[in-house]
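**Student:** structure, please.
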Amino acid sequence: MIDIKHLKTISTLKETGSLVNTARELFLTQSALSHQIKDLENKLDCQLFERKTQPVRFTPQGMLLLELANEVLPRVEATKCRLKESLNQPISQLRLSVECHACFHWLLPTIKEFNNFWPDIHVDYERGFSYDAIPELLNDDLDLVLTSDIREADKLEYAHLFDFKLKLIVSPDHELAKKAYVTALDLKDETIISYPIPKERQDIFKHFIQNARFDGTLKTVDQGLLIFQLVSAGMGVAALPDWLVTPYESQGLIKSIPLGALGLNRPMYLAMKKNMKDNPVYRHFLNTCKQSNGR
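**Tutor:** Reported below is the predicted structural model:
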């Protein structure tokens, strides 16, 4: 009754947020997609999502089907990959570097999930963080790079994993804590605490403050926990991904504020050599990262 194509449709609908984008992603006409969904709803005798909502809002029954898709589709993809891999030369390791300190929050569980299917493949992330790992990828010293910035696009494949929100965090009693959102001008005299990354590569300067005047101080620290401690103590502000902010804000240690009226959205990519984009092991690692959705 429920086919793999139905699960793919529901999963893609959740990922894209609209029927138009889902049809485009699945190479279907909107009419064919609507017919497929309506046929499935008739078979299940329930409505899967509310019409005319943006993004699509799933009903409780639709959420149950989405949970099934999240469980089944990665296993189907992994099995397909393993079948293909049995016909190809095996890969013994994936050398990975990360251009995002905060990614380790979700990356390590993702690697563990990947190794549940590929126990013989060692994911080597000992190089850890690098603010500019692309040259190593081009020189064959790395196999994969997690990054938010596209460079050398003519030589490398950048697979989009997910988007995330970059949020400003302040202490609960900071004067900015009461604002609905902050502007670049609000940060003009602030102490901004960050990981040790060159200023020109930091999202808050590159994509938010940009050419606005900044007379404040940039303070760098190595550990994420220390950033939260310093911010909570009122010793500065910081811009961090939403997945890292939520646990600390729920404890009342910090307050998060959107960067700009619309917030600052940033992409996460998995970069690799173009000739590896169809390799089943690489594809499975990519899909496992996608399933994490930065959580």
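
**Student:** pretty sure D173 contacts V231?
**Tutor:** No: using C-beta atoms under 8 Å, D173 and V231 do not qualify as a contacting pair, with a distance of 11.6 Å. Backbone N, C-alpha and C define where each C-beta goes, glycine included.

**Student:** what about the two, which has more around it?
**Tutor:** With neighbours defined as other C-beta atoms under 10 Å, D173 and V231 compare such that V231 has more, 24 against 9.

**Student:** quick one: low-confidence ranges for the stretch 151-295 of the chain?
**Tutor:** For the stretch 151-295 of the chain, the stretches with pLDDT under 70 are 293-295.

**Student:** buried ones in stretch 17-31?
**Tutor:** Of all the residues in stretch 17-31, those buried under the rule 16 or more other C-beta atoms under 10 Å are 19, 22-23, 26, 28.

**Student:** what does that stretch contact?
**Tutor:** Residues outside stretch 17-31 that contact it (C-beta atoms under 8 Å, 6 or more residues apart in numbering): 8-9, 12-13, 15-16, 32-34, 36, 54-56.

**Student:** repeat that for stretch 113-125.
**Tutor:** So stretch 113-125 is in contact with 78, 81-82, 90-98, 107, 111, 281, 284-285, 288, 291-292, going by C-beta under 8 Å, 6+ apart.

**Student:** at 7 Å what do you get?
**Tutor:** For stretch 113-125, the surrounding residues in contact (C-beta atoms under 7 Å, 6 or more residues apart in numbering) are 78, 82, 91-96, 111, 281, 284-285, 288.

**Student:** what do you get for stretch 219-229?
**Tutor:** For stretch 219-229, contacts defined as C-beta under 7 Å, 6+ apart pick out 101-102, 191, 193-196, 236, 238, 244, 248, 253-254.

**Student:** need the max-distance pair from those residues.
**Tutor:** For the contacts of stretch 219-229, the farthest-apart pair by C-beta to C-beta is P196 and L253; their separation is 22.7 Å.

**Student:** so the spatially closest residue to L264 that is not a sequence neighbour, which of the three states?
**Tutor:** Residue nearest to L264 in three dimensions, not counting chain neighbours: L166, with 4.5 Å by C-beta to C-beta, 6 or more residues apart in numbering. Per DSSP: H, G, I helix; E, B strand; the rest coil, the local secondary structure of L166 is strand.

**Student:** quick one, strands of the stretch 51-200 of the chain?
**Tutor:** Secondary structure of the stretch 51-200 of the chain (DSSP state E, counting those that start in this stretch): strands at 57-58, 93-98, 122-124, 144-147, 156-170, 191-194.

**Student:** winner for burial among those?
**Tutor:** The highest mean neighbour count among those, using mean count of other C-beta atoms under 10 Å, belongs to strand 144-147: a mean of 24.

**Student:** domain ranges for the protein?
**Tutor:** 4-75, 93-161+267-293, 164-266 (the TED database).

**Student:** end-to-end on the last one?
**Tutor:** Chord length of domain 164-266, first to last residue, is 5 Å (C-alpha to C-alpha, to the nearest Å).

**Student:** all helices for the stretch 151-295 of the chain, in order.
**Tutor:** Per DSSP state H, counting those that start in this stretch, the stretch 151-295 of the chain carries helices over the ranges 203, 224-232, 242-250, 280-292.

**Student:** of the ones you listed, which approaches R266 most closely?
**Tutor:** Closest of the helices of the stretch 151-295 of the chain to R266 is helix 203, at 5.8 Å (criterion: C-beta to C-beta).

**Student:** so how far is that closest one from its chain's centroid?
**Tutor:** Relative to its parent chain, helix 203 has a centroid offset of 15 Å by C-alpha atoms, centre = their mean, to the nearest Å.

**Student:** ok, residues contacting it?
**Tutor:** So helix 203 is contacted by 148, 166, 239, 266 (C-beta under 7 Å, 6+ apart).
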